[in-house]
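Asks: Everything below, folded, please.
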Amino acid sequence: MIDNICKFLAESFSANFASWLLGEAITLTKIEPSELSVEPIRADSVIFLESTEIILHIEFQTEPNKNIPFRMADYRLRLYRKFPDKHIHQVVIYLTPSQSSLVYETKFSIGALNHAFNVIRLWEQPTGIFQQYQGLLPFAALSQTRNPENTLRQVAKQIENIADKQVQSNVAASTAIISGIALNKEIIQRLLRSEIMKESVIYQEILLEGKAEGIAEGEAKGKTQERNQIALNMLRSNIALDLVAQLTGLTLKQVQKLQKISLKQSQPPKVSKPKRSPKS
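Replies: The predicted structure follows:
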């Protein structure tokens with residue numbers, strides 16, 4: 001689920017990510033991994049964003065992964081095959097603190113082939129970077145902060161000042177989920193107390209330990225009903241359709257259908273006028 005949230009943020013706030021990773025707020029658009037090969041590499045956390053001159057390849061990782069160096073080299077060659085004239089900037093972003101040597105690997109070497117890529121360990125990044133941009137606020141509690149709880153408290157205040165309610169809702173929900181890496185759900189629920197979060201079930205459902213396993217053990221019909229109800233609650237909290245689809249596993253068409261149901265349910269019932277009795 002965290003991988004999906006990270007991808008959603010990178011796509012929705014691509015200029016914020018470009019400012020952080022490239023040093024300038026370039027407008028970027030999404031490239032589907034399937035465009036690079038008939039058989040895309042199995043990598044849920046991969047995202048490609050492009051401008052006219054550059055492609056930004058990001059991989060989000062919650063845990064060390066020994067296959068990352070090969071994967072970065074493989075994707076680099078695929079990108080060159082399709083975009084030989086574009087500059088490629090590759091970065092692996094590790095979210096969870098680790099002492100593993102794998103999170104320090106920045107090169108793939110085999111024989112005479114050597115390929116280098118960038119690595120960012122969030123826990124070493126200055127907190128101020130993530131407080132500068134709305135799309136990076138969800139990562140602030142994972143940064144180089146001595147007090148993640150206090151950092152989340154500051155982020156919550158910034159979220160409350162976001163004027164666009166749709167953006168506010170998406171950032172708040174994303175912050176609640178990603179902050180779960182560093183903080184327990186009680187702290188998150190206490191600090192993110194906006195009206196949106198009170199009504200939203202996103203972080204409540206996803207952060208509950210064992211929720212996914214519990215759903216997997218249920219009956220197929222029960223799972224579908226529960227998933228649809230979660231999606232409906234998200235829609236009532238003004239969560240973006242793409243994010244609802246990513247979090248619930250529903251297709252965009254299914255979410256759009258549920259949105260129509262939600263809108264119909266929110267309309268006040270029609271009051272029929274009493275019939276007049278015939279004059280005697």
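
Asks: Wait, Thr75 touches His57, no?
Replies: You called it Thr, but residue 75 is Tyr. Yes. Tyr75 sits in contact with His57 when judged by Cβ atoms under 8 Å, with a separation of 6.2 Å. Quick note: C-beta positions are derived from backbone N, CA and C, even for glycine.

Asks: can you list residues touching both of the two?
Replies: Shared between the contact lists of Tyr75 and His57 (criterion: Cβ atoms under 8 Å, 6 or more residues apart in numbering) are residues Val46, Gln90.

Asks: so where is the stretch 1-150 of the chain shaky, pLDDT-wise?
Replies: Low-confidence regions of the stretch 1-150 of the chain, defined by pLDDT under 70, span residues 33-44.

Asks: which residues of it fall in helices?
Replies: With DSSP state H, counting those that start in this stretch, the ranges of helices along the stretch 1-150 of the chain come out as 2-12, 14-21, 68-82, 127-130, 148-160.

Asks: Quick one: residues in contact with the fourth one.
Replies: Which is helix 127-130. Counting contacts by Cβ under 8 Å, 6+ apart, the residues touching helix 127-130 from outside are Trp20, Leu136, Leu137, Phe139, Ala140, Ser143, Gln144, Thr145, Thr151.

Asks: Around Arg121, count how many other residues there are.
Replies: By the criterion of other Cβ atoms under 10 Å, Arg121 has 17 neighbours.

Asks: nearest spatial neighbour of it, skipping sequence neighbours?
Replies: Excluding its sequence neighbours, the residue lying closest to Arg121 (Cβ to Cβ, 6 or more residues apart in numbering) is Tyr94, at 5.0 Å.

Asks: quick one: which of the helices of the stretch 1-150 of the chain is nearest Gln61?
Replies: The closest approach between Gln61 and any of the helices of the stretch 1-150 of the chain, judged by Cβ to Cβ, belongs to helix 68-82 at 6.9 Å.

Asks: Check which helices and strands that closest one sits against.
Replies: Counting by 3 or more Cβ pairs under 8 Å, 6 or more residues apart in numbering; DSSP states H and E, the packing neighbours recorded for helix 68-82 are strand 54-61, strand 87-94, strand 107-110, strand 113-116.

Asks: Pull the distance from the first one to the chain's centre.
Replies: Think strand 54-61. From the chain centre to the centre of strand 54-61 is a distance of 14 Å (Cα atoms, centre = their mean, to the nearest Å).

Asks: what do you get for the last one?
Replies: Its chain's C-alpha centre and that of strand 113-116 lie 30 Å apart, by Cα atoms, centre = their mean.

Asks: which residues sit against that strand?
Replies: Judged by Cβ under 8 Å, 6+ apart, the contacts made with strand 113-116 from elsewhere in the structure are Pro69, Met72, Ala73, Arg76, Thr106, Lys107, Phe108, Ser109.

Asks: how about 7 Å then?
Replies: Contact partners of strand 113-116, identified using Cβ atoms under 7 Å, 6 or more residues apart in numbering, comprise Met72, Ala73, Arg76, Thr106, Lys107, Phe108.
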